[in-house]
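J.: just a sequence and a predicted model for now, questions to come.
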Amino acid sequence: MVESLDLKEDSFLIVERLLEHGGDKQVEFILDTYERDTISEVVKNSTYLSPKTVNYWCLYLNIKKEDTRCFTRQSPRMWPPSSAS
């Protein structure tokens, strides 16, 4: 599967997954391989990245949280909120 990925064509997926699940070596690979604008676009537009990851990369890349999907769009709920408290 990994062998079938193209660094350019699959850049969004690669950056997204490595930012979320990668360690130091994977993050270093991302920073060495992709331009800052490419990484920023992933942080801004990803629906996969966790709020913790988006927050970190917003700070690192100087992106406003309001400019990210993570912090501006509500995810659809799988179940309606419980009325029992």
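T.: Looks like it came in fine. Numbering: from 1, shown residues only.
J.: which elements pack onto the lowest-mean-pLDDT helix or strand in the chain?
T.: Ranked by mean pLDDT, DSSP states H and E, the helix or strand of the chain with the weakest confidence is helix 69-72, at a mean of 89. Using 3 or more Cβ pairs under 8 Å, 6 or more residues apart in numbering; DSSP states H and E, the elements in contact with helix 69-72 are helix 51-61. Bear in mind the C-beta positions are built from the backbone N, C-alpha and C, glycine included.
J.: hmm, 10 Å instead?
T.: helix 36-45, helix 51-61 (3 or more Cβ pairs under 10 Å, 6 or more residues apart in numbering; DSSP states H and E).
J.: and these, which is most packed in?
T.: Counting by mean count of other Cβ atoms under 10 Å, helix 36-45 has the highest mean neighbour count of the helices and strands packed on helix 69-72, with a mean of 17.
J.: tell me the angle that helix makes with helix 51-61.
T.: 150 degrees (axes from the mean of the first three to the mean of the last three Cα atoms, to 10 degrees).
J.: put the alpha carbons of helix 36-45 into PDB.
T.: Taking C-alpha atoms only, helix 36-45 is exported to PDB below (Å, rounded to 0.1, in the frame of the first residue of the first chain):
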ATOM      1  CA  ARG A  36       5.100  25.200   4.200                       C
ATOM      2  CA  ASP A  37       2.100  26.200   2.100                       C
ATOM      3  CA  THR A  38       1.300  22.500   1.400                       C
ATOM      4  CA  ILE A  39       1.400  21.700   5.100                       C
ATOM      5  CA  SER A  40      -0.600  24.700   6.000                       C
ATOM      6  CA  GLU A  41      -3.300  23.700   3.500                       C
ATOM      7  CA  VAL A  42      -3.600  20.300   5.100                       C
ATOM      8  CA  VAL A  43      -3.900  21.800   8.600                       C
ATOM      9  CA  LYS A  44      -6.500  24.300   7.400                       C
ATOM     10  CA  ASN A  45      -8.700  21.900   5.400                       C
END
